[in-house]
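> Quick check, what structure comes out for this input:
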Amino acid sequence: MVSDTIQRDITISASIDKVWAALTEEKHIKEWFGDEAEVDLRPGGAIVFGWAPHGRFHGKVAAVEPPHRFSYWWARPADTDPAPGNQTLVEFTLSEDGDGTRLRVIESGFTALSGDQELAVKENTEGWHRELDELRAYVEA
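Sure, this is the predicted structure:
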């Protein structure tokens, strides 16, 4: 049975405001999450993340609650708009943890995807592991 949810928790040695900026500002996002980013940071705003070898992934902002919660729907495959059957929900939750920030990422909705759900879970699990390590390295540098 395919899992509907991916979750990863990390601690970053940086202020919550610095981590929030890295998650929500285009100039920072493209430093750790792909090589292209467009973000209209408001509920319903368009969002695009691009990876040269993989294409551009389109989404729609779901929630913006600075500096504690940011979420968006995004589509798979690349170059499609999010819609029922091709989208998952990514939710970032930030909380202060001593001098650092605890970041939780939950991506859900895999069992509602048409297509190969197991492959989607596998690729995105590996992707979040790699990308969040890059986020931590970027923010802590």
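
> so what does the helix ranked longest in the chain touch, helix or strand wise?
As assigned by DSSP state H, the longest helix anywhere in the chain is helix 117-140. Judged by 3 or more C-beta pairs under 8 Å, 6 or more residues apart in numbering; DSSP states H and E, helix 117-140 is in contact with strand 5-12, helix 16-24, helix 26-32, strand 100-108. Placement of C-beta: from N, CA and C, glycine included.

> Kindly provide the whole-number mean pLDDT of the shortest one.
To tie it back to what came earlier, the one meant is helix 26-32. Mean pLDDT, computed over helix 26-32, is 97.

> Offset the numbering so it begins at 788, please.
Let's use 788 as the start, then, which means that last one is helix 813-819.

> For that helix, which residues meet the burial criterion?
By neighbour count on 16 or more other C-beta atoms under 10 Å, the buried set for helix 813-819 is 815, 816, 818, 819.

> From start to finish, how long is stretch 816-836 in a straight line?
9 Å (C-alpha to C-alpha, to the nearest Å).

> So which bits of it are buried?
816, 818, 819, 820, 821, 824, 825, 826, 834, 835, 836.

> Pick out whichever of those residues sits closest to residue 883.
Set against residue 883, the nearest of the buried residues of stretch 816-836 by C-beta to C-beta is residue 819 (20.9 Å).

> my guess is that closest one contacts residue 806, does it?
No. The criterion here is C-beta atoms under 8 Å, and residue 819 misses it with residue 806 at 11.0 Å.

> sec struct for residue 789, please.
coil (DSSP: H, G, I helix; E, B strand; the rest coil).

> still on that earlier bit, include distance to residue 855 when you put the helices and strands packed on helix 904-927 into a markdown table, please.
As requested, those are arranged in a markdown table below (distance: least, C-beta to C-beta, whole Å):
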| stretch | distance to residue 855 |
| --- | --- |
| strand 792-799 | 14 |
| helix 803-811 | 8 |
| helix 813-819 | 17 |
| strand 887-895 | 10 |
